[in-house]
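**Student:** What follows is a predicted protein model with its sequence.
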Amino acid sequence: MEDHHKKMQSDSCDPDRPTHPGTFPTCEAGRSDHQPAERSVDFPVSVVLPAGGTGERTGLQTPKQFCLFMGRPLISYTIQAFERVSWIQSIVVVVAREHMDLMTDIVQQFQHTKVRVVPGGSTRHRSIYNGVLALGEEGRPVADKPKVVLIHDAVRPFVEEDFLYKIAMAAKEQGAAGAIRPLVSTVIATTSEGYLDHSLERAKYRASEMPQGFTYDVIYQAYQKCSESDFEFGTECLHLALQYSGTNAKLIQGPPTLWKVTYKRDLAAAESIIKDTLSRSACVITGGSAQAVTLAGALQKAVGALNMELAVIPDLTGENGGYLLKDWNFIQVSVSRSCLSEVEALLTDLEAAKQALLHPLVVILVLLSGSDELSVSGRAVEPEAIMDLASAAKLRNILLYGIQLHQSKDTQRWERSVSRVAEITSALIRDRSPALVGQLLQA
Ligand SMILES: Nc1ccn([C@@H]2O[C@H](COP(=O)(O)OP(=O)(O)OP(=O)(O)O)[C@@H](O)[C@H]2O)c(=O)n1
Ligand SMILES: O=P(O)(O)OC[C@@H](O)[C@@H](O)[C@@H](O)CO
């Protein structure tokens with residue numbers, strides 16, 4: 001990313017904590033076997049992501065859509081949520097003119113596909129309209145023009161394919177469709193003197209959320225006919241569709257995850273959700289040694305209590321190679337003096353799988369010392385060797401940590417060690433802290 005963007009990237013999702021631009025995680029974390037079922041849609045669907053705002057209500061200099069979450073801009077998460085949906089043909093991201101280069105950099109850096117970047121306007125409606133116009137641009141192949149346009153605030157990163165499908169199908173049938181959620185607070189009207197005028201019966205009202213969907217002609221006509229006041233002060237596309245295209249939107253209750261990042265607290269909440277989705281599972285590689293398999297089995301039980309799921313495999317050959325593409329956390333259990341070369345081989349495999357482009361991967365080397373081979377070599381691995389390997393891995397967005405535990409015949413001692421390894425492992429995976437990279441922690 002260009003230097004002049006560095007200032008722009010100075011705000012992390014937690015303004016009190018420095019950003020680590022070297023690690024670029026994100027997105028639809030979780031094992032690929034958790035991916036949504038494939039759906040078939042027999043009409044072209046495109047997306048407009050309005051991202052042209054300044055995010056004033058966060059109180060940060062960096063607009064919230066460009067705020068970093070573990071080093072990766074929020075908007076990249078949202079784009080990823082749409083580009084992984086096979087039946088979406090194109091995504092138009094609408095940003096302020098001064099952010100066009102930054103947005104182009106982000107698209108290139110994270111190898112986003114299907115994305116076009118167009119300039120926004122002074123209000124959200126003007127930005128959305130620019131996006132809609134870009135989809136129907138004269139001169140583009142007619143095939144590009146979508147039947148349905150999904151409109152979704154770029155600062156609502158947690159959207160699932162199932163709900164997008166419901167909105168798209170309803171929009172195709174009805175001409176317009178929108179997400180709604182129950183109101184949390186009661187809506188009241190105030191007098192000009194700041195007193196209560198009246199309150200609305202909450203059960204009769206809903207919060208209008210995103211995504212929304214429209215047939216192209218409905219939303220295009222609505223924006224063609226709406227007033228300057230609509231453009232300047234309006235916040236509701238469904239209203240424009242009703243008033244100017246005579247199309248009454250189908251309203252569909254969405255999941256609570258559709259919330260919009262608006263205030264600073266929302267940034268921390270979003271990062272916590274992303275970290276949570278990245279840390280639900282891990283792949284334990286035992287190398288096939290009996291001691292490592294025993295430890296892995298004990299770990300599997302211990303982390304189960306910490307809401308983590310461990311898959312235990314001997315190596316990454318054959319079908320097990322699939323774990324390189326569906327997990328974000330790897331635990332290499334080693335009892336032999338060649339443990340560093342085992343880790344180096346794993347790091348090479350992970351780099352080739354290119355998963356680290358979107359997520360900071362975690363690799364934890366668990367050294368079982370006091371075992372036959374290690375004791376024969378007379379020493380565990382030199383801590384400096386792990387630090388060197390970890391420094392190189394971090395440049396590739398892989399966070400390498402070490403944990404050492406001692407084989408013990410004392411059952412209670414052994415169980416305490418295993419429990420400590422489970423707790424340390426869970427914390428390292430959840431926090432993905434660059435600060436502990438290369439450390440050889442003692443369990
Ligand atoms: N001129 C604008 C204003 C807003 N948006 C986008 O519309 C979405 C929802 O708007 P909101 O949450 O209000 O974002 P901001 O306007 O940036 O926030 P604020 O009102 O706090 O400045 C955001 O993705 C925002 O980037 C836009 O594309 N163009
Ligand atoms: O009003 P803001 O600009 O904060 O956000 C836009 C929201 O109003 C909009 O996303 C939904 O209410 C659905 O229209």
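**Tutor:** Now that the structure is in, tell me what you want to look at. Numbers count the residues shown, from 1 in each chain. Ligands and ions are numbered 1, 2, ... in the order given.
**Student:** CA only for contacts and neighbour counts going forward, please
**Tutor:** OK.
**Student:** Please name the residues that touch V312.
**Tutor:** Contacts for V312 (C-alpha atoms under 8 Å, 6 or more residues apart in numbering) come out as 283-286, 293, 296-297.
**Student:** Ligand 1 contacts on the stretch 151-300 of the chain?
**Tutor:** With C-alpha under 6 Å from any ligand atom as the criterion, the stretch 151-300 of the chain meets ligand 1 at residues 153-155, 262.
**Student:** run the last query once more with 5 Å
**Tutor:** 153-155 (C-alpha under 5 Å from any ligand atom).
**Student:** Mind putting the residues you listed into TSV with distance to ligand 2?
**Tutor:** Converted to TSV, these look like this (distance: C-alpha to the nearest ligand atom, whole Å):
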residue	distance to ligand 2
D153	6
A154	9
V155	9
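**Student:** Touching, R337 and V381? I think so.
**Tutor:** Yes. Shown here, R337 and V381 form a contact pair, counting by C-alpha atoms under 8 Å, at 7.3 Å.
**Student:** sorry, back to before: if any of the residues of the stretch 151-300 of the chain next to ligand 1 are buried, put those into a PyMOL selection.
**Tutor:** Restricted to buried positions by 16 or more other C-alpha atoms under 10 Å, the PyMOL selection for these reads:
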select buried, resi 153+154+155
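**Student:** Now go through the residues of the stretch 151-300 of the chain next to ligand 1 and say which are in strands.
**Tutor:** Among those, no residue falls in strands (DSSP state E).
**Student:** wait, what's in contact with the nearest residue to T257 once chain neighbours are set aside?
**Tutor:** In space, and not counting its chain neighbours, T257 is closest to F158: 5.6 Å by C-alpha to C-alpha, 6 or more residues apart in numbering. Neighbouring residues of F158 by C-alpha under 8 Å, 6+ apart: 78, 81, 257-259.
**Student:** For V85, state which of the residues of the stretch 151-300 of the chain next to ligand 1 is nearest.
**Tutor:** Ranked by distance to V85 (C-alpha to C-alpha), these are led by A154 at 16.0 Å.
**Student:** what pLDDT does the closest one get?
**Tutor:** For A154, the model assigns a pLDDT of 98.
**Student:** Please apply the same query to W328.
**Tutor:** For W328, pLDDT reads 93.
**Student:** do L183 as well
**Tutor:** Reported pLDDT for L183: 96.
**Student:** And for M70?
**Tutor:** For M70, the pLDDT comes out at 82.
**Student:** Make sure I have this right: I331 is in a strand.
**Tutor:** Yes. I331 sits within a strand when classified using DSSP: H, G, I helix; E, B strand; the rest coil.
**Student:** Next up, the contacts around it.
**Tutor:** 282-285, 363-366.
**Student:** For beta bridges, what are the partners of it?
**Tutor:** Beta bridges link I331 to V284, I364 when assigned by DSSP bridges.
**Student:** From ligand 1, how far off is it?
**Tutor:** From I331 over to ligand 1 the distance is 38 Å, taken as C-alpha to the nearest ligand atom, to the nearest Å.
**Student:** again, but for N329
**Tutor:** Applying C-alpha to the nearest ligand atom, the value for N329 to ligand 1 is 31 Å.
**Student:** same check, this time on L306
**Tutor:** Counting by C-alpha to the nearest ligand atom, the separation of L306 from ligand 1 is 35 Å.
**Student:** Please name the residues that touch that residue.
**Tutor:** 423, 426.
**Student:** repeat that for 10 Å
**Tutor:** 280, 422-423, 426-427 (C-alpha atoms under 10 Å, 6 or more residues apart in numbering).
**Student:** which of the contacts of V312 has the most neighbours?
**Tutor:** V284 (27 neighbours; other C-alpha atoms under 10 Å).
**Student:** ok, then the element right after the helix or strand of the chain with the lowest mean pLDDT?
**Tutor:** Lowest by mean pLDDT, DSSP states H and E among the helices and strands of the chain is helix 372-377, with a mean of 47. Downstream of helix 372-377, the first helix or strand assigned by DSSP states H and E is helix 383-394.
**Student:** May I ask you to confirm that L365 is in contact with V333?
**Tutor:** Yes. Using C-alpha atoms under 10 Å, L365 is in contact with V333, at 6.1 Å.
**Student:** intersection of neighbour lists for those two?
**Tutor:** Common contact partners of L365 and V333 (C-alpha under 10 Å, 6+ apart): 284-285, 339, 342-343, 403-404.
**Student:** Emit the PyMOL select command for whichever of these are buried.
**Tutor:** Selection of buried members from the shared contacts of L365 and V333 for PyMOL, criterion 16+ other C-alpha under 10 Å:
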select buried, resi 284+285+339+342+343+403+404
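**Student:** Many thanks, we can stop here.
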